[in-house]
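In: Coordinates for the following, if possible.
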Amino acid sequence: MLNSRVFHGTLLRYPQPILRCSLKKYPPIFFLHGLLGNRKNNKTASKRLAQLLNTTIITPDLRNHGDSAHESPLDYKSMTEDIHNLYYELCQLDIIKKESTTNKHATAIIMGHSMGGKVALLSSLRYPNIFKGTISIDNIPYASPEESYKEFEKFHIYIKNLKKITSDTSITTMDQVDEKLSLVESDPLKM
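Out: Numbers count the residues shown, from 1 in each chain. Next up is the predicted model:
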């Protein structure tokens, strides 16, 4: 299960159901972090959104990130199922309430940055009865999974080179860092 925090004016450590969300103008918002992040990355923005919109912001640590369990598989389908399960658990705890008695499901908005954006998009496609709005931030759409995997492999090589640079004591300037990273990415705007 995901470890999460729910924001609505005050901080709530999930799963303690201290907070009761009364929906006003906006439904609750799931705010998902990116690949190298965790729920803490969205803390400041979540608090501000909760205040501005008078709604609940749920910021989970996705699978294998932050304080959440490290388990297999690590793929978008599994992360989407985790969000789906968290949604229903929060409904059971009455942290997310149904908008009306005629609606079988409560609804939410889901937003995510980078990897979280992909999880948000897939969640909306798989569970359209739950997520009535989707916001994908800084997410690059790929035409095919193969294209995505190639780009991910480049990212992996980039990280490996960053590790080498940080352990190389002879590198002392940003120009030297740029020179080393240009072996991976020649366009300085993409670095």
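
In: Ramachandran coordinates for the residue nearest the centre of the chain?
Out: Centroid-nearest residue in the chain, with C-alpha atoms, centre = their mean: Leu32, separated by 2.0 Å. Per-residue torsions, Leu32: phi -100, psi 140 (degrees, to the nearest 10).

In: Quick check, it in contact with Ala108.
Out: No. Assessed by C-beta atoms under 8 Å, Leu32 is found out of contact with Ala108, at 12.0 Å. For glycine as for every other residue, the C-beta is placed from the backbone atoms N, C-alpha and C.

In: that older thread, got the contact list for the residue nearest to the centre of the chain?
Out: With contact set as C-beta atoms under 8 Å, 6 or more residues apart in numbering, Leu32 has these partners: 59-60, 62, 83, 110-113, 115-117, 119-120.

In: beta partners of it?
Out: Leu32 forms beta bridges with Gly112, as assigned by DSSP bridges.

In: how near is it to Ala50?
Out: 16 Å (C-beta to C-beta, to the nearest Å).

In: Pick out the least confidently modelled helix or strand of this protein, by mean pLDDT.
Out: strand 10-13 (a mean of 33; mean pLDDT, DSSP states H and E).

In: the domain parsing of the chain - what is it?
Out: Here the domain parsing of the chain from automatic domain parsing is 4-137, 145-190.

In: can you give me the offset of the last one from its chain's centre?
Out: The gap between where domain 145-190 is centred and where its chain is centred comes out at 24 Å by C-alpha atoms, centre = their mean, to the nearest Å.

In: can you tell me the average pLDDT over that domain?
Out: Model confidence over domain 145-190, given as mean pLDDT, is 79.

In: oh, and call the first residue 57 from now on, that's how I've got it
Out: Renumbered: residue one is now 57, and that last one reads domain 201-246.

In: how about the residue of the chain positioned farthest from its centre, secondary structure?
Out: Distance from the C-alpha centroid of the chain peaks at Ser226, with 36.6 Å (C-alpha atoms, centre = their mean). Here Ser226 is recorded as coil under DSSP: H, G, I helix; E, B strand; the rest coil.

In: related to what we said a few turns ago, take the contacts of Leu88 and keep only those in strands.
Out: Secondary structure defined by DSSP state E assigns Thr115, Pro116, Ile166, Met167, Gly168, His169 of the contacts of Leu88 to strands.

In: Looking at these, spot the one nearest Thr222.
Out: His169 (24.1 Å; C-beta to C-beta).

In: Wait, the closest one touches His89, no?
Out: Yes. His169 sits in contact with His89 when judged by C-beta under 8 Å, with a separation of 6.3 Å.

In: Now do the helix or strand that contains Gln107: which elements does it pack against?
Out: Using DSSP states H and E, Gln107 sits in helix 99-109. The helices and strands touching helix 99-109, judged by 3 or more C-beta pairs under 8 Å, 6 or more residues apart in numbering; DSSP states H and E, are strand 60-64, strand 85-88, strand 113-116.
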